[in-house]
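Chemist: structure for the following, please:
(one chain, ligands or ions: 1)
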Amino acid sequence: MSGGPVGVALVGAGVISAEYLANLTAFPDVRVLAVADLDAERAEAAAERHGVPASGDPATVLAIPEVELVVNLTTPAAHAAVAFAALRAGKHVYGEKPLTLDPAEGRVLLAEAEERGLRIGNAPDTFLGAGLQSARRALQAGVIGAPVAATTVMQNPGPESWHPSPEFLFQLGAGPLYDIGPYYLTALTALLGPVARVAATGRRARSSRVIGSGPKAGTVFGVEVPTHVTALLDLESGPSVASTFSFDSPVRRIMVEITGTEGTLSVPDPNTFAGPLQVRGVKDEDWRDLPVTGTTVGRGLGVLEMARALRAGVPHRASGAVALHVLETMAAIADSAETGEFRTVASTAPVPPELPADWDPHARTLG
Ligand SMILES: NC(=O)c1ccc[n+]([C@@H]2O[C@H](COP(=O)([O-])OP(=O)(O)OC[C@H]3O[C@@H](n4cnc5c(N)ncnc54)[C@H](O)[C@@H]3O)[C@@H](O)[C@H]2O)c1
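Modeler: So this is what the prediction gives:
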């Protein structure tokens, strides 16, 4: 396909598809042509709600020639199979996190895409939002001097109270490390560069949980992964990071602080696209607000940026390489938590270039 908006199909019409569909159908540079799901009725309902012309099972949707890019919003255990099927149908793929369940599968996926001359993009795309882009500009402007260390905390009671099908969030490919960790680890990579080695511990407060909403409310299900993970990370560029990822706390707390030679930057929640952004210099008595500029539109920005990059023939920012590095980091953390030993992270990742501050998702740039 040549110029014009990029034809997109979604595979997976669950909870998160609503945000993607709302945003992608409002971007002039992409055209959402179809929605697929194993549950055909769910796909049809989502397509109807958002004025998408076609729906069906994944194979039917992958056979549509005008679909150039498949957005894979299935649950983690299906990410690889859906992505490979899309590549084999000649489509580029943008997937939800994590890239795949394990790094070996992720490496094969990226290699197959490259062989076929196709691209892999991956969530999270929150680092394209105003909050994290502004944090990056502040770091580059030297507001904290040279970065030395960072602390990140993500703790809450877990998603089973609000997600109607939360079982997958406590299985391989999720838990707080794999489900929420990608936001923090991608933000660290985008702000400070890739991870070199890790050490970690992991615990599980309860071996079962209870679904809190929807038709399955009251159902008890098993917890298969650690639900409280604490990690130490050495970054390639020098800073050391202490990170907590927990679904075991009744207290909700989110913190990302980067400390440098001249002060500390308080970075917005990396699971969001907006601010606030604050700095506290070594002589300051309190935090000072910093300007936050850029887009706060939400999930789907990575798909749009990838679509535009595809047409321009330049690398896209929410890349498979970053997602693979984040996945390798999470696997190293999980391994360290089991063995009690430091683990090196074999891969590195290209730090995605900054987005221009006036980058406009609603502009028509592709004819
Ligand atoms: N729910 C959130 O708030 C949220 C936020 C950000 C990212 N995500 C990510 O988005 C992905 C989906 O999460 P969700 O909450 O929407 O899950 P969900 O369970 O609500 O929906 C997943 C959908 O995928 C479909 N599906 C599963 N395997 C499939 C296959 N092989 N082919 C076609 N369809 C298939 C299911 O039928 C279901 O409709 C996950 O990777 C998750 O980490 C979710």
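Chemist: need phi/psi at Pro58.
Modeler: phi -60, psi -40 (degrees, to the nearest 10).
Chemist: how about it, what does it touch?
Modeler: 11, 36-38, 82, 85 (Cβ atoms under 8 Å, 6 or more residues apart in numbering). Glycine gets a C-beta too; all of them are placed from N, C-alpha and C.
Chemist: do Leu265 as well
Modeler: 135, 138-139, 143-144, 257-259, 277-279.
Chemist: what is the nearest of the residues you listed to the ligand?
Modeler: Ala135 (20.3 Å; Cβ to the nearest ligand atom).
Chemist: that closest one sits in which helix or strand?
Modeler: helix 130-140 (DSSP states H and E).
Chemist: neighbouring contacts of that helix?
Modeler: So helix 130-140 is contacted by 126-127, 144, 147, 187, 190-192, 258, 260, 265, 267-270, 272-277, 279, 290-296, 354-355, 357 (Cβ under 8 Å, 6+ apart).
Chemist: filter the residues you listed down to the buried ones, ChimeraX style.
Modeler: Only the buried entries of the contacts of helix 130-140 go into this ChimeraX selection, using 16 or more other Cβ atoms under 10 Å:
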select :126,127,144,147,187,190,191,192,258,260,265,267,268,269,270,272,273,274,275,277,279,290,292,294,295,355
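Chemist: looking at the contacts of helix 130-140, which are in strands?
Modeler: Counted as lying in strands by DSSP state E, out of these, are 147, 258, 260, 265, 279.
Chemist: stretch 236-254: which residues count as buried?
Modeler: 239, 241, 243-249, 254.
Chemist: so what's the residue of the chain found nearest the ligand up against?
Modeler: Using Cβ to the nearest ligand atom, the closest approach of the chain to the ligand is made by Gly14 at 1.7 Å. Residues near Gly14 by Cβ under 8 Å, 6+ apart: 37, 42, 73-75, 165.
Chemist: now do the helices in the stretch 251-367 of the chain.
Modeler: With helices called from DSSP state H, counting those that start in this stretch, the stretch 251-367 of the chain shows them at 301-312, 320-339.
Chemist: for the shortest one, packing partners?
Modeler: Going back to what we said before, that points to helix 301-312. Counting contacts by 3 or more Cβ pairs under 8 Å, 6 or more residues apart in numbering; DSSP states H and E, helix 301-312 packs against strand 6-11, helix 17-24, strand 30-36, strand 69-72, strand 92-95, strand 120-122.
Chemist: nearest the geometric middle of this structure, what residue?
Modeler: For the chain, Pro124 is the residue whose C-alpha lies nearest the centre (Cα atoms, centre = their mean; 1.8 Å).
Chemist: hang on, it in a helix?
Modeler: No. Checked against DSSP: H, G, I helix; E, B strand; the rest coil, Pro124 lies outside a helix; its state is coil.
Chemist: convert the C-alpha atoms of stretch 224-240 to PDB, please.
Modeler: Taking Å, rounded to 0.1, in the frame of the first residue of the first chain, the C-alpha atoms of stretch 224-240 are listed here in PDB:
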ATOM      1  CA  GLU A 224       0.000 -18.300  39.800                       C
ATOM      2  CA  VAL A 225       2.700 -15.500  40.100                       C
ATOM      3  CA  PRO A 226       4.300 -13.400  42.700                       C
ATOM      4  CA  THR A 227       2.100 -10.400  43.600                       C
ATOM      5  CA  HIS A 228       4.800  -8.300  45.400                       C
ATOM      6  CA  VAL A 229       8.100  -7.900  43.600                       C
ATOM      7  CA  THR A 230      11.000  -5.600  44.700                       C
ATOM      8  CA  ALA A 231      13.800  -5.100  42.300                       C
ATOM      9  CA  LEU A 232      17.100  -3.300  42.100                       C
ATOM     10  CA  LEU A 233      18.200  -2.200  38.600                       C
ATOM     11  CA  ASP A 234      21.600  -1.000  37.400                       C
ATOM     12  CA  LEU A 235      21.100   1.100  34.300                       C
ATOM     13  CA  GLU A 236      23.600   1.100  31.400                       C
ATOM     14  CA  SER A 237      24.000   4.800  31.700                       C
ATOM     15  CA  GLY A 238      25.000   4.600  35.400                       C
ATOM     16  CA  PRO A 239      22.000   5.300  37.700                       C
ATOM     17  CA  SER A 240      20.700   2.700  40.100                       C
END
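Chemist: right, is that stretch up against the ligand?
Modeler: No. Using Cβ under 6 Å from any ligand atom, stretch 224-240 stays clear of the ligand, with a minimum separation of 13.3 Å.
Chemist: quick one: mean pLDDT over that stretch.
Modeler: Average pLDDT, stretch 224-240: 98.
Chemist: try stretch 267-285
Modeler: Across stretch 267-285, the per-residue pLDDT values average to 97.
Chemist: quick one: is that stretch near the ligand?
Modeler: No. Stretch 267-285 is not in contact with the ligand by Cβ under 6 Å from any ligand atom; minimum separation 7.8 Å.
Chemist: contact partners for Leu110?
Modeler: Per Cβ under 8 Å, 6+ apart, neighbours of Leu110: 120, 320-321, 324.
Chemist: now distance to the ligand and neighbour count too, for those residues, in JSON lines please.
Modeler: Converted to JSON lines, these look like this (distance: Cβ to the nearest ligand atom, whole Å; neighbours: other Cβ atoms under 10 Å):
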{"residue": "Ile120", "distance to the ligand": "15", "neighbour count": "27"}
{"residue": "Gly320", "distance to the ligand": "15", "neighbour count": "25"}
{"residue": "Ala321", "distance to the ligand": "19", "neighbour count": "18"}
{"residue": "Leu324", "distance to the ligand": "16", "neighbour count": "22"}
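Chemist: related to what we said a few turns ago, export the ones in strands among the contacts of helix 130-140 as TSV, with columns for distance to Pro65.
Modeler: Output for the ones in strands among the contacts of helix 130-140, formatted as TSV (distance: Cβ to Cβ, whole Å):
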residue	distance to Pro65
Pro147	48
Ile258	47
Gly260	51
Leu265	47
Val279	51
